[in-house]
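Asker: I'd like to go over a predicted model; first the sequence, then the structure.
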Number of protein chains: 2
Amino acid sequence: MAKAMREPTFWILTALVDQARHGYGIIREVTALSDASVTLQAGTLYAALDRLAAEGLVEIDREETVDGRPRRYYRLTDDGATALATETTRLTRNADTAAARLRTRRPGLALGFTTP
Amino acid sequence: MAKAMREPTFWILTALVDQARHGYGIIREVTALSDASVTLQAGTLYAALDRLAAEGLVEIDREETVDGRPRRYYRLTDDGATALATETTRLTRNADTAAARLRTRRPGLALGFTTP
DNA sequence: GCAAATATAAAGATTATCTGAGTATGGGGA
DNA sequence: TCCCCATACTCAGATAATCTTTATATTTGC
């Protein structure tokens, strides 16, 4: 079984599903995707990109300079998409297992969690 | 926002939802709950129980000796149940966000993930 | 009689993330 | 014009949860 992914890693891969993005763009996309509940730290992001590139889950798409600032774009690889899909399945299964258990606790009472 | 929970922590809390269990019982329950895809390591478990007790998410239920072996039972606190419910909501939301994005990738093709 | 299962403990290594600081450019408001 | 903020990336050190390994002790099953 693939080892559990940490949240920043999960969000970075998710941000790259639809298009290649550069580091700072990933940060903004994750903020938007997560409804501002997750704010990637720069240190975390760039370290994670290096690691993910080494693992083959992302790769450099292109580098360009916009307004005098250099950007490095990353894209998701097929392995990255597969890893994200696997992780997503795992998250769903875990959440479903816990939700089912929680429903049996104090039956008839309002639950402390909601479905979005 | 509550900080993301790691997988072993999530499973320990989930295992305690329905009843108080002792350490070794938690290990076996998590193996069963996760369809044998997660096997808690003893070192991880007992360290996590100490930490979770210090955080007030679990508490000692009772201690008893069965067949000459001492067992320490833990139960989930209300805070623990709330934390697990919050985490479950987060997992569901994250998984749904990623799943929606993955569906838009290479439309028409079979997806690399399944719903359980 | 010996291995495997039961039950807990604890030290050291690993690793992703967090924290915080640093470098640099460009745009917008005062 | 000046300064702050947003943009864009880098890096060193601290933190925290987990993993790995080892240890101890009892009981059950073969």
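Answerer: Yes, it's here.

Asker: how about the longest helix anywhere in chain A, does it reach chain B?
Answerer: Counting by DSSP state H, the longest helix found in chain A is helix A:78-104. Yes. Under the criterion of Cβ under 8 Å from any Cβ of the partner chain, helix A:78-104 makes contact with chain B via A:81-82, A:84-89, A:91-99, A:101-102, A:104. Using the backbone N, CA and C atoms, a C-beta is placed for each residue, glycine as well.

Asker: show me where chain A has helices.
Answerer: Under DSSP H, chain A gives helices at A:7-15, A:23-33, A:42-55, A:78-104.

Asker: wait, which of the ones you listed is closest to residue A:69?
Answerer: Distance to residue A:69, taken as Cβ to Cβ, is lowest for helix A:23-33 among those, at 8.8 Å.

Asker: dump that closest one to PDB, keeping only the CA atoms.
Answerer: Extracted C-alpha coordinates of helix A:23-33, given in PDB (Å, rounded to 0.1, in the frame of the first residue of the first chain):
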ATOM      1  CA  GLY A  23       5.300  27.700  -7.200                       C
ATOM      2  CA  TYR A  24       3.600  30.900  -6.300                       C
ATOM      3  CA  GLY A  25       0.600  30.000  -8.500                       C
ATOM      4  CA  ILE A  26       0.300  26.700  -6.700                       C
ATOM      5  CA  ILE A  27       0.100  28.600  -3.400                       C
ATOM      6  CA  ARG A  28      -2.700  30.800  -4.600                       C
ATOM      7  CA  GLU A  29      -4.600  27.900  -6.200                       C
ATOM      8  CA  VAL A  30      -4.400  25.800  -3.000                       C
ATOM      9  CA  THR A  31      -5.800  28.700  -1.000                       C
ATOM     10  CA  ALA A  32      -8.700  29.000  -3.500                       C
ATOM     11  CA  LEU A  33      -9.300  25.200  -3.700                       C
END
